[in-house]
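1. Dropping the sequence and predicted coords here.
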Amino acid sequence: MSSPHSSENKSVAIVGAGAAGYFAAINVAEADPSARVHLYEASRRTLTKVSVSGGGRCNVTHHCFDPRELVNYYPRGGKELRGAFHQWEPQDTVDWFQSRGVTLKTEADGRMFPTTDDSQTIVDCLTQAAQNAGVTLHLKTGVSKITRHEDPHAPYFKLHSSQLSTAPCYSHVVIATGGGQKNAGHELAASLGHTITDLAPSLFTFHIDHPLLTDLQGLSLPQVQVSYPPAKLEQSGPIVFTHWGLSGPGILKLSAWGARVFSELDYHCELNVNWFGGAKPDAIRQALEHSKKQYARKALVSLNPFDFPRRFWERLLQYVSISPDTQWAQLPKKALNQLVETISNTRFQTNGKSMNKEEFVTCGGIKLKEVDFKTLQSRIVPGLYFAGEVLDIDGVTGGFNFQAAWTTSRIAALHIANGA
Ligand SMILES: Cc1cc2nc3c(=O)[nH]c(=O)nc-3n(C[C@H](O)[C@H](O)[C@H](O)COP(=O)(O)OP(=O)(O)OC[C@H]3O[C@@H](n4cnc5c(N)ncnc54)[C@H](O)[C@@H]3O)c2cc1C
C-alpha cells in the first residue's frame, strides 16, 4: 500500500469503527466495489456505543420523515443537516436495514428500535455488511497522525499509528472518531487546519437538593415545563425524580439546548419548574378554587385537580404546611396562594450534573462552516471527510444522534465512491 495511485482504484481510510465509520465503509465499498476500503479502530472492539445504546436495544432512528421537522431536534447542526436529510433521512435508514433483513418498530414516543429489542441485531447487520463488501478492518490501531502529501497525479494522505510499521497511503480519508472531551479525531483535524468548537457534555441530569424532591425517586410526571430564563431556555416533557435531583426527557432536552450555557455556569444555576405543563398561575388558581367549591367536604389528599401522582400531591401539601386530611373548604387562602406559586414556578438551585446513562453525547466538534454539507468534504483539505459525532452536531435523545451518523457517513461515502 505504498502509493494510493499505484492503481486506478480509490483507496479510502476510515478512522473510527463506530456507527458512522462502519456505515461510511459499507457505503463506499458497496457503491464502488473496486475501491480499497480500510477501517481503523483504536480499541479492540467495534461498534461499542451501538451495543450499549438505547439500554441495549439501540434506538436506531426516529419516526420523523420530514427533514424540516427533523432538524428541530438538533441543538447544534440542525441548519446544516436540513439539506443533508434530503439526501438521507430516517425512512432511508429504515429501508436500508429492512433490505438487510432488519425490521425496525416505532414506540409511542417515536423512537425506532429493531423488532428484536436487541442492539446486537444492528451490530451483526453492520458487521456482516462490511465483511460482504470487502472492508478491511484494523483493530487496536489508533491513528495518531494524518499527513497530506503532494503528488504529480493527485495529493494523498499517509496514516500514522504506533501499531503500524509503515504509514499506509490513501486517496481519501474519513474521520469518524465520535465525540468526547478528549477525542483523537479533533486533534487529527486540527493538525490539518480545522477548528474545533468548544466542547461540553450534552444530555445530563441536574443535581438538586430540595425538600420537595426528597425520597420521591422513581416517580414521574408526564408534562412538566423546565426553564432557565436568563438564557431564554425552556423545554417541556416528562420528568423523573431521582435520588440526586431531576431527570427525564424534559430535563435532558433542557440540558442539550443549554449544554454550553450550563457548562459555563459549572452546572450551578437556578431552574424554574412548572409542574403542570406550563399552565399559567391563573389557570392553576381556578382549578384549585373550583375544587374548593365542588369538593368542599372531601379531604385535600383524596382529590387533586392536576392528576399528580398521589405521593407528589401529598408532598406539595406538606411543602405548603397543610395537613393532607384538611377538607377542601378549609384550605386557607395563604396555602392556596403558595400552591399556585409552587405548582407554576418552583425555583431550584442546581449544584452539579450527572450524565444520563441511557444516552449522552458531546456538544462541539469540527466547525461546521469548514465542511461542505453537500458532500461532507472538508473545505480546507480536499479528500478529507468527516462523519458522525466528531462534527459539531448533536441531537436530543430519541435516535437523532445515530440518524446524524447514518446521514453524514452515507453522504461522504457516496461522494467518495462516485468519483470525487
Ligand atoms: C450510553 C450511550 C447510549 C446511546 N444511545 C443512543 C441511542 O439509543 N440512539 C442514538 O441515536 N444515539 C445514542 N447514543 C449516541 C450515539 O451512540 C453516538 O452519537 C454515536 O455512536 C456516534 O457515532 P460515531 O460513529 O460518530 O462515534 P462512536 O460511536 O463514538 O465511534 C467512534 C469510534 O472511533 C474510535 N476512535 C476514536 N479515536 C480513534 C483513533 N484515533 N483511531 C482509530 N479509532 C478511533 C472509537 O474507539 C470508536 O469506536 C448513545 C450514546 C451513549 C454514550
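-> The structure has been received and is ready for your questions.
2. show me where pLDDT drops low in the stretch 301-420 of the chain?
-> Counting by pLDDT under 70, the stretch 301-420 of the chain has low-confidence residues at 420.
3. what does this protein put close to the ligand?
-> For the chain, the contact set with the ligand under Cβ under 6 Å from any ligand atom comprises 15-21, 40-43, 48-49, 52-54, 58-59, 142-143, 176-178, 184-185, 358-361, 388-390, 399-402, 405. The C-beta positions use only the backbone N, C-alpha and C, and glycine is treated the same way.
4. Assess the claim that Phe157 and Glu150 are in contact.
-> No: at 11.4 Å, Phe157 does not count as touching Glu150 under the criterion of Cβ atoms under 8 Å.
5. Between these two, point out the one with more neighbours.
-> Between Phe157 and Glu150, counting by other Cβ atoms under 10 Å, Phe157 is the more crowded of the two (23 against 7).
6. tell me the secondary structure for that one?
-> Secondary structure state of Phe157, per DSSP: H, G, I helix; E, B strand; the rest coil, is strand.
7. Any idea which residue of the stretch 301-420 of the chain lies closest to the ligand?
-> Residue of the stretch 301-420 of the chain nearest the ligand, by Cβ to the nearest ligand atom: Gly388 (2.2 Å).
8. The residues of the chain next to the ligand in helices, which ones?
-> Members of the residues of the chain next to the ligand lying in helices (criterion: DSSP state H): 19-21, 48-49, 52-54, 184-185, 400-402, 405.
9. Over to the residue lying farthest from the centre of the chain: give its phi and psi.
-> The centre of the chain is farthest from one residue, Arg297, which by Cα atoms, centre = their mean lies 49.7 Å away. Backbone torsions of Arg297, given as degrees, to the nearest 10, read phi -90, psi -10.
10. what about the residue lying closest to it once chain neighbours are set aside, how many neighbours?
-> Ranked by Cβ to Cβ, 6 or more residues apart in numbering and with sequence neighbours excluded, the top spatial neighbour of Arg297 is Gln327, at 5.8 Å. Neighbours of Gln327 under the rule other Cβ under 10 Å: 14.
11. ok, now which ones touch Gln327?
-> With contact taken as Cβ atoms under 8 Å, 6 or more residues apart in numbering, Gln327 is in contact with Ala296, Arg297, Lys298, Ala299, Leu300.
12. repeat for Gly193
-> By Cβ under 8 Å, 6+ apart, the contact set of Gly193 is Ile380, Val381.
13. mind checking pLDDT for it?
-> What the model reports as pLDDT for Gly193 is 97.
14. what's the distance between it and Pro332?
-> The gap separating Gly193 from Pro332 is 68 Å, by Cβ to Cβ, to the nearest Å.
15. likewise Glu314?
-> With distances taken as Cβ to Cβ, Glu314 is found 18 Å from Pro332.
16. Those two: which is more packed in?
-> Neighbours were counted for Glu314 and for Pro332 using other Cβ under 10 Å; Glu314 has more, 15 against 12.
17. close enough to count as contact, that one and Val301?
-> Yes: in this structure, Glu314 is within contact of Val301 by Cβ under 8 Å, at 6.0 Å.
18. which neighbours do the two share?
-> In contact with both Glu314 and Val301: Pro324, using Cβ under 8 Å, 6+ apart.
19. Could you chop this structure up by domain?
-> Domain assignment of the chain by automatic domain parsing yields the ranges 11-199+361-417, 204-355.
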